[in-house]
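In: Build me a model:
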Amino acid sequence: MQKEKNVLLLALSEFNTHIKEDNYYYVKTGKQMEVVASRYQLEPGSKYIICDLAKSNRKIDKIYMLCTEEALKKTVEFNEMTDISPKEYYIEKVKQFVTGESQQIDFSQIDDSATEIFGDNEMNCMNLLEDNKKMYTEEVLSQMFNEVEVVEGKEYSAISEIVMSILPMKNEAEKINIFVDMQGGKRNTIFTLNAVLNMLKNNDISVEKSIAIAYQRGKIIHNIIDETKSYNIFDLVSGMDEFFSYGKGKKFCEYYDKLNSSGAEDSYEKKIVNLIRDVSDAVELCNVVEMERGIERLAREIQKYMNLENDVKEPLFASLVPMLDNEYRNLLKGGVKKSGKVVVDRIAIIEWCLKKGLYQQALTLAESKVPEQIVRDNILYYCVQGDEAEFNSAKKYFINEKNNLKDEQKFLINDVSRYFIKNLIKSCNHKFHQFKNCIFRNKNLRGLHLYTNVRNTEDNKDNLARLIEKYDDLVWLRNNSNHASSEKKY
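Out: Modelled structure (predicted):
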């Protein structure tokens, strides 16, 4: 299996027939400028990518040319060639570049506009070394160029053709790298190109580099620019859509990891990205404790970030933070206090999960945390026998490790509310007329004679009875869906 395959995608344009002489295209790195002379607008980008790969002894394996009818139509004459189509001209010029003599440019003969652009930089012609040319054998060139016709109204056919041609390469190489020249083509071919890139991305084939030409009207010298970061904005949009729609932070975090690969680990943005990753992982794993803890920490960190001066914030990230704040603020009770204290609203988190289609997570949260929430919201109270004064004053009383509990009791008491509700169901057999003196059936909790209390009206008792019955149904649903078989429907 090959280590990699490098694929170039581009959309061919019709000839710009007024170009009768070379235009010059440059890439600047520090004080060095590499310049290539070309006439057809799709030449320079391909030549640059070929040279850039050659610097690390890599080559282009496939070029997919999206061609409209105009790109396939032969013209009477274009510069020194006659009866040739843009596709044929492009292929001929690329072949000449990778196999022919190195190009020589007399920089002193370029018009006066070059002086201002070139300045005192060191000028070099963009060429392949002879050793690099050896990579482009006749066999390689015979398989390198692939025409894909784009017919208006039937763009889907071109999309399918390219994707279905590239995907099998995953069985031939460890990695597929995509390079894109965004320069040419009509609007429908550009849309087609973007659709192809999105479909490949969904199959873990991503863009390594995207380029374009910064044309200057009326001049013959133009800049080849790297548009990879700009193109990656699509990854950010996709990541944000995934995050807000499904609560998953993978793509969003991957975008910022790639964007700031050399950034400080303790940067303000990095802290928030890492916390989003933690919350997302906890949600996917149904880890209720880590989910709540992560939401609390993330809410505090977002609040700190929003209070920072603008000059220390990364502009794009700063524009997204209000949306993140709105997403998580609704999961808290009363927002973030001045002291930094936050309290998650478990009912709001369950609703959040349901809106995003995270039904298993919603069921797990409800089964695990609703009983404790019932107590926290003062719907129901409980206390240890002997603390009737506490009970009668109708204050919440939580059993904790300060009580003289046996080890087995301490283990169970971590989730005492859950056990309390479940055992209340068992002991009362779904009839809730007597709420006091309910005894835990669990042998490890025996001796912790708990009391329950609601406001002394029959309506409240009936409402609590219905609530706990619904909870019992939900527990059954959650447990059975977790162990679902093909014979059961839920």
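In: pLDDT score for residue 432?
Out: Looking at residue 432, its pLDDT stands at 39.
In: Hmm, I typed the wrong one, I wanted residue 45.
Out: At residue 45, pLDDT is 92.
In: And for residue 380?
Out: 57.
In: what bits of the chain have low per-residue confidence?
Out: Scanning the chain with the threshold set as pLDDT under 70 gives 17-20, 76-82, 111-113, 260-266, 335, 338-340, 372, 374-465, 468, 482-490.
In: again, only this time at 50
Out: 382-403, 409-415, 428-437, 456-457, 490 (pLDDT under 50).
In: domains of it?
Out: 2-227, 235-357, 374-482 (automatic domain parsing).
In: Need those domains in JSON lines (columns: distance to residue 366 and mean neighbour count).
Out: Every residue, glycine included, has its C-beta placed from N, CA and C. Shown next, in JSON lines, are the domains of the chain (distance: least, C-beta to C-beta, whole Å; neighbours: other C-beta atoms under 10 Å):
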{"stretch": "domain 2-227", "distance to residue 366": "33", "mean neighbour count": "16"}
{"stretch": "domain 235-357", "distance to residue 366": "6", "mean neighbour count": "16"}
{"stretch": "domain 374-482", "distance to residue 366": "5", "mean neighbour count": "15"}
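In: May I see those domains arranged in TSV, with distance to residue 365 as well?
Out: Output for these, formatted as TSV (distance: least, C-beta to C-beta, whole Å):
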stretch	distance to residue 365
domain 2-227	30
domain 235-357	5
domain 374-482	10
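In: out of those, which comes closest to residue 368?
Out: domain 235-357 (5.1 Å; C-beta to C-beta).
In: Looking at the domains of the chain, spot the one closest to residue 363.
Out: Of those, nearest to residue 363 by C-beta to C-beta is domain 374-482, at 4.1 Å.
In: The residue nearest the centre of the chain and residue 41, how far apart?
Out: Centroid check for the chain by C-alpha atoms, centre = their mean gives residue 251 as the closest residue, at 1.4 Å. Distance of residue 251 to residue 41, given as C-beta to C-beta, to the nearest Å: 33 Å.
In: one step back: convert the strand or helix carrying the residue nearest to the centre of the chain to CSV, retaining C-alpha atoms only.
Out: Following DSSP states H and E, one finds residue 251 within helix 250-259. What follows is helix 250-259, C-alpha atoms only, in CSV (Å, rounded to 0.1, in the frame of the first residue of the first chain):
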residue,chain,number,x,y,z
LYS,A,250,-15.8,17.0,17.5
LYS,A,251,-15.7,19.0,14.2
PHE,A,252,-15.7,22.3,16.0
CYS,A,253,-12.8,21.2,18.2
GLU,A,254,-10.9,19.7,15.2
TYR,A,255,-11.2,23.0,13.4
TYR,A,256,-9.6,25.0,16.2
ASP,A,257,-7.0,22.4,16.8
LYS,A,258,-6.0,22.6,13.2
LEU,A,259,-6.2,26.4,13.1
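In: Spell out the residue ranges of the helices in the stretch 101-250 of the chain.
Out: 113-118, 130-133, 138-144, 155-166, 187-201, 228-231, 233-246, 250-259 (DSSP state H, counting those that start in this stretch).
In: Help me confirm that residue 481 comes into contact with residue 364.
Out: No - taking contacts as C-beta atoms under 8 Å, residue 481 lies outside contact range of residue 364: 10.2 Å.
In: Can you give me every residue that contacts the residue nearest to residue 136 when sequence neighbours are not counted?
Out: Closest residue to residue 136 apart from its sequence neighbours, by C-beta to C-beta, 6 or more residues apart in numbering: residue 98 at 4.2 Å. Counting by C-beta atoms under 8 Å, 6 or more residues apart in numbering, residue 98 makes contact with 50, 128, 133, 136, 141.
In: For those residues, work out which two are farthest apart.
Out: 128 and 141 (13.3 Å).
In: Next SSE downstream of the strand or helix carrying residue 291?
Out: Counting by DSSP H and E, the element that carries residue 291 is helix 288-306. Using DSSP H and E, the helix or strand that follows helix 288-306 towards the C-terminus is helix 315-329.
In: Mind giving me the packing neighbours of that next one?
Out: Contacts defined by 3 or more C-beta pairs under 8 Å, 6 or more residues apart in numbering; DSSP states H and E place helix 315-329 against helix 233-246, helix 268-284, helix 288-306.
In: for the helix or strand just after that helix, the distance to its chain's centre please.
Out: Using DSSP H and E, the helix or strand that follows helix 315-329 towards the C-terminus is helix 346-355. Relative to the centre of its chain, helix 346-355 is centred 22 Å away, using C-alpha atoms, centre = their mean, to the nearest Å.
In: Same check on stretch 275-295?
Out: 17 Å.
In: Give me the contacts around it.
Out: By C-beta under 8 Å, 6+ apart, the list of residues contacting stretch 275-295 reads 243, 247-250, 252-253, 297-298, 301, 324, 328, 331-332, 344, 346, 349, 353, 358, 360-361, 364-365, 368-369.
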